[in-house]
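# just to be clear, the model below is a prediction. Sequence and coordinates:
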Amino acid sequence: MAIIGRPNVGKSTLLNRFLGEKIAIVSPKPETTRDRLLGILTLRNAQILFLDTPGIYRGPRTLLAKHQVQAARQAIEEANVLLLMTAAQSGILEEDRQVIRLLSKSKGQSPSGTIPVFLAINKVDRVEKKRVLPQIEEVGRLFPFKEIFPLSATKGTNVDSLLETLCASLPEGPALYPPDQVTDRSTRSQVQELIREKTLLFTHEEIPHSIAVIIEEWRPGKKTGTYIRATLYVERESQKGILIGTQGGLLKRIGQAARPEIQELVEGSVFLDLWVKVAENWRKDPRRLREFGYGGNLPIYASSS
Ligand code: GDP
Ligand code: MG
């Protein structure tokens, strides 16, 4: 099943909540998720594959933006259950309507015909109940959702009953992944994402969108811990100075913020060595995009034969 919706409504937060583990990075900046990401939940008698997607939006026309929308589109077409997400405190926006239109268009194209589509109105912790009810009526007129769940992904409100409903509506099939696997991403790619998440927290305006993180070296050491060297790519020389900060201050803060979570992930101490380089306008450069891992589309259910 896939989770779709405009940027920043809380899709990745919900995925982490379902799994009880942080596999998707989350930030207050839109477009945090750039690629589709598989979360694997193995219950006593079921295995659910959750596909987190980049938000569907009409952003600047970069190749990266195109890749993000394509990743979300493909998820809609290949999933057997869909969960659309909106945010209660902003109401139903034109961007949400866009996603709903995309849904209406592609509904017939799914291999299984019509698939169940659920709606979660997230962030209800931010608004009064009486503001949610009109939204339920409004979206109900736009699309025949199978069921609508007012939700708080951060507080956990209604998350269990949503999960139960999703479970019940998924078709039966064999488990595709070993029970202890929670994502299809490598540890290396998770570390890249964690570093990117922390840079998103400390940067503003166009810089968050301009950053790509690449692990250049990964050297395990029994006594010294794991040495990880990563490069943070920005698009312009001027951004490089900002990201490094006065006397390397900002880069240091990013490293300090990322290291504890990376250590948890690799289960040991880590020496994190961060560098900043310029890759001119990489979001428009097909070669760079591939190099940074946003090139081709990943097969969704990779290990299914
Ligand atoms: P995505 O772009 O849809 O994946 O959204 P994220 O999961 O990255 O979340 C975007 C922002 O919304 C983050 O700052 C989250 O902490 C916040 N957020 C997510 N769910 C909730 C919620 O239920 N309530 C509140 N108040 N904030 C939330
Ligand atoms: Mg996300």
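On my side now, so go ahead. Ligands and ions are numbered 1, 2, ... in the order given.

# next, count neighbours for residue 66.
15 (other Cβ atoms under 10 Å). (C-beta placed from N, C-alpha, C; glycine too.)

# thinking residue 255 is in contact with residue 272, fair?
Yes. Taking Cβ atoms under 8 Å as the definition, residue 255 is a contact partner of residue 272 at 5.0 Å.

# name the SS class of residue 215, please.
Three-state call for residue 215 (DSSP: H, G, I helix; E, B strand; the rest coil): strand.

# what sits against it?
Counting by Cβ atoms under 8 Å, 6 or more residues apart in numbering, residue 215 touches 188, 191-192, 228-230.

# now it: how far from residue 138?
To residue 138, residue 215 is 45 Å away according to Cβ to Cβ, to the nearest Å.

# you'd agree residue 34 is up against residue 68?
Yes. Under the criterion of Cβ under 8 Å, residue 34 makes contact with residue 68 at 5.8 Å.

# so residue 194, which state does it fall into?
helix.

# could you report the separation of it from residue 67?
Distance from residue 194 to residue 67, by Cβ to Cβ: 21 Å.

# the more surrounded of residue 34 and residue 68?
Neighbour count, other Cβ under 10 Å: between residue 34 and residue 68, residue 68 has more, with 24 against 20.

# buried subset of the contacts of residue 215, written for PyMOL?
A single PyMOL command selects the buried members of the contacts of residue 215 (16 or more other Cβ atoms under 10 Å):
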select buried, resi 191+192+228+230
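
# inside helices: which ones of the contacts of residue 215?
Secondary structure assignment by DSSP state H places 188, 191-192 of the contacts of residue 215 in helices.

# what residues does the stretch 151-300 of the chain have near ligand 1?
Neighbours of ligand 1 within the stretch 151-300 of the chain, by Cβ under 6 Å from any ligand atom: 152-154.

# neighbour-wise, which of the residues you listed leads?
Busiest of these [other Cβ under 10 Å] is residue 153, holding 27 neighbours.

# shouldn't that one be in contact with residue 17?
Yes. At 5.2 Å, residue 153 counts as touching residue 17 under the criterion of Cβ under 8 Å.

# how about the strands in the stretch 151-300 of the chain?
Assigned by DSSP state E, counting those that start in this stretch, the stretch 151-300 of the chain shows strands spanning 212-219, 226-234, 270-278.

# closest one to ligand 2 among the ones you listed?
Shortest distance between ligand 2 and the strands of the stretch 151-300 of the chain, using Cβ to the ion, is found for strand 212-219: 16.1 Å.

# of all residues in the stretch 51-200 of the chain, which one is closest to ligand 2?
Closest point on the stretch 51-200 of the chain to ligand 2, by Cβ to the ion, is residue 52, at 6.0 Å.

# hang on, I meant the stretch 201-305 of the chain
For the stretch 201-305 of the chain, Cβ to the ion, closest residue to ligand 2: residue 208, 13.0 Å.

# just give the number of residues close to that residue.
Using other Cβ under 10 Å, the number of residues around residue 208 comes to 19.

# what distance do you get for it to residue 234?
10 Å.

# now residue 81
Counting by Cβ to Cβ, the gap from residue 81 to residue 234 is 39 Å.
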